[in-house]
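Novice: Quick one, fold the following:
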Amino acid sequence: MKIVIIGGVAGGATAAARIRRLDEHCGIVMFERGPYVSFANCGLPYYIGDVISKRSYLLLATPKSFKDRYNIDVYVSSEAIGIDPGKKTVTVRNIKTGEIRSEAYDRLILSPGAKPAAPPIKGADRPNVFSLRTVPDSDRIKAYCDERRPKSSVIVGGGFIGLEMVENLVRKGVKTTVVEMLDQVLAAVDYEMAAMVQFHLKEKGVDCLLGVGVDAFEDRAGRCVAVTDQGHEIPCDMAVLSVGVLPETGLAKDAGLELGQRGAIKVDAAMRTSDPNIYAVGDAVETTDFIFGGPINIPLAGPANRQARIAADNVVGRKSVYKGALGTSIVKVFDLTVGSTGYNEKKLKKCGIPYRVSVIHALSHAGYYPDPETMCVKLLFSASDGMIFGAQIVGGKGVDKRIDVIATAIRGRMTVYDLEDLESAYAPPYGSAKDAVNMAGYVASNILKGDVEIVSWDEMDRFDSSETVLLDLRDRDELEEFGTIPGAIHVPVNKLRERMTDFNRDKLYIVFCAVGVRAYIGYRILVQNGFKVRNLSGGFSTYQSARAMQP
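Specialist: Numbering: from 1, shown residues only. Have a look, this model is predicted:
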């Protein structure tokens, strides 16, 4: 049997190696359009920022290493320009020489990846306007930075790659502005979680223009100026377009393969396309949403690698199925880490799915051990049975561990009640006896059991001030240092029992503290004494950061 693979990097290279481990005797030929068959594209921003010191560290394999170890024939700078499913042949053009060749196959695996989205921005073809997807892209950006020493930059797009580029350009001394069409950075998380990131960017000297698009890059007296659709003019020495990616489906479409609802290559659970002899993996495919089963396109390296392994199994006759994707992701933004998995509120609302939310602030490890860092954990779950729909975490150390635990819980179809019972490794340098994941489960379970009723930061304006009392349960020094919500009255939680004789049972009391712990205690005191009470989810910390970033 002869297997041809189009595209290397995560999907194609993984599939090729897996096939060889399962079948020593089949023929394997791989064609890669770029000059490198396998490279660490997620590391490219860090190479530009000199965090990764050597370019060679990004290059994971070469045609020679594939031949020597796996007996696989790899051709780089070789672009597949056509597929004939009837004849079972691929037409390939050598990019350097222009030579055209035809390669026959018994089974074909497509791993074409995705390409940077190219918005219609006038002047985007200027030599100092870049995009970042490949090693040559990073070479151009790094050479420009090292040779021209730019002082200012504009990043168009506030997603993962955009913010990684922000950090690494700032690291090189480049004053940076982010221009994002949405009203927040990092679309994978909800507004109040993104607000923490935006506040941190501001602390690092990064300007964020939100709800704004770039119309053009113009030359003004020999200098590039980014002109926005809101009339801003931002002089810059360089710009990077990072507005997302689009699946590379032209080859598949021309071959008559079926595309899915999201415009990517439609595959079944075996990663087989509409042609039984052709499989597809990675950023260009439409697979299944693990939680609710709808179509989904996830351009991430983790899913691409797993899909490649499953396609390889099926190509050689070993039945294997892909059970769907969650879109679990993580990004470093200066001193913050942002992790997400599953659904966010925006997506749940769009799908019309009933849900509940809990927000907690927890420490990365025991508070009495030196240097704990705070994490904000947002959990989204079923209003009926507590099944976990998604989670977002923003903080310092420990975010990666907790988002992975919750992602695993979702894969296991666990509920918030199960999070209460999870047993995590504990020692003071690593966690707390009641881990952040346990605490998220406790709070979510309390909501479902009716032990607490919450109100979110963006619901506060809905309450009639004549019928509602905002009750700040923090200590006096916290109010003096951080302020409070306008109109709130102050009663320290430890004084609540003696002061509640002055309260009016006809009014609704919204209690809050810094992060919600003392407010929950106050809630339980008041509700058991006959008062109508709500607890501000996530406390003053969440409310303050979200409101501070609103225009």
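Novice: Ile141 contacts Ile48, doesn't it?
Specialist: Yes: under the criterion of C-beta atoms under 8 Å, Ile141 makes contact with Ile48 at 5.3 Å. C-betas here are computed from N, CA, C, even on glycine.
Novice: what sits in contact with each of those two?
Specialist: Common contact partners of Ile141 and Ile48 (C-beta atoms under 8 Å, 6 or more residues apart in numbering): Leu132.
Novice: more neighbours, these two?
Specialist: Each of Ile141 and Ile48 has its neighbours counted (other C-beta atoms under 10 Å); Ile48 has more, 28 against 24.
Novice: Tell me the confidence at the spatially most central residue of the chain?
Specialist: Nearest to the mean C-alpha position of the chain, by C-alpha atoms, centre = their mean, lies Ser329 at 4.2 Å. If you check Ser329, the pLDDT there is 97.
Novice: cool, Pro551 as well?
Specialist: Value for Pro551, per-residue pLDDT: 69.
Novice: Tell me how many other residues crowd Gly412.
Specialist: Gly412, neighbours per other C-beta under 10 Å, totals 10.
Novice: OK, contacts around it?
Specialist: Contact partners of Gly412, counting by C-beta under 8 Å, 6+ apart, are Asp418.
Novice: quick one: pLDDT of it?
Specialist: Gly412 carries a pLDDT score of 97 in this model.
Novice: Same question for Ala221.
Specialist: Ala221 is given a pLDDT of 80.
Novice: what's the answer for the one 3 residues further on, then?
Specialist: Each residue has a pLDDT score; the one for Cys224 is 93.
Novice: Return the list of strands paired to the helix or strand containing it, each annotated with direction.
Specialist: Here Cys224 is covered by strand 223-228, with elements defined by DSSP states H and E. According to DSSP bridges, strand 223-228 forms sheet pairs with strand 214-220 (antiparallel), strand 233-236 (antiparallel).
Novice: For it, what is the distance to the chain centroid?
Specialist: Distance of strand 223-228 from the chain centroid (C-alpha atoms, centre = their mean, to the nearest Å) equals 29 Å.
Novice: Asn344 and Leu379 touch, don't they?
Specialist: No: the criterion here is C-beta under 8 Å, and Asn344 misses it with Leu379 at 11.4 Å.
Novice: any common contacting residues for these two?
Specialist: With C-beta under 8 Å, 6+ apart as the test, Asn344 and Leu379 both reach Gly390.
Novice: Neighbour count for these two, which is higher?
Specialist: Leu379 (26 against 23).
Novice: Over to the more buried one. Which of the three states is it?
Specialist: For Leu379, the assignment made with DSSP: H, G, I helix; E, B strand; the rest coil gives strand.
Novice: how near is it to Gln392?
Specialist: 8 Å (C-beta to C-beta, to the nearest Å).
Novice: How are the helices of the stretch 101-250 of the chain distributed by residue range?
Specialist: In the stretch 101-250 of the chain, the helices defined using DSSP state H, counting those that start in this stretch lie at 135-148, 160-171, 191-203, 250-254.
Novice: what's the third one packed up against?
Specialist: Same thing as helix 191-203. helix 160-171, strand 207-210, strand 329-333, strand 336-342, strand 374-382, strand 388-395, helix 539-548 (3 or more C-beta pairs under 8 Å, 6 or more residues apart in numbering; DSSP states H and E).
Novice: mind putting the helices of the stretch 101-250 of the chain in a markdown table, distance to Arg309 and mean pLDDT included?
Specialist: Formatted as a markdown table, the helices of the stretch 101-250 of the chain follow (distance: least, C-beta to C-beta, whole Å; pLDDT from 0 to 100):
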| stretch | distance to Arg309 | mean pLDDT |
| --- | --- | --- |
| helix 135-148 | 24 | 95 |
| helix 160-171 | 24 | 96 |
| helix 191-203 | 32 | 96 |
| helix 250-254 | 21 | 97 |
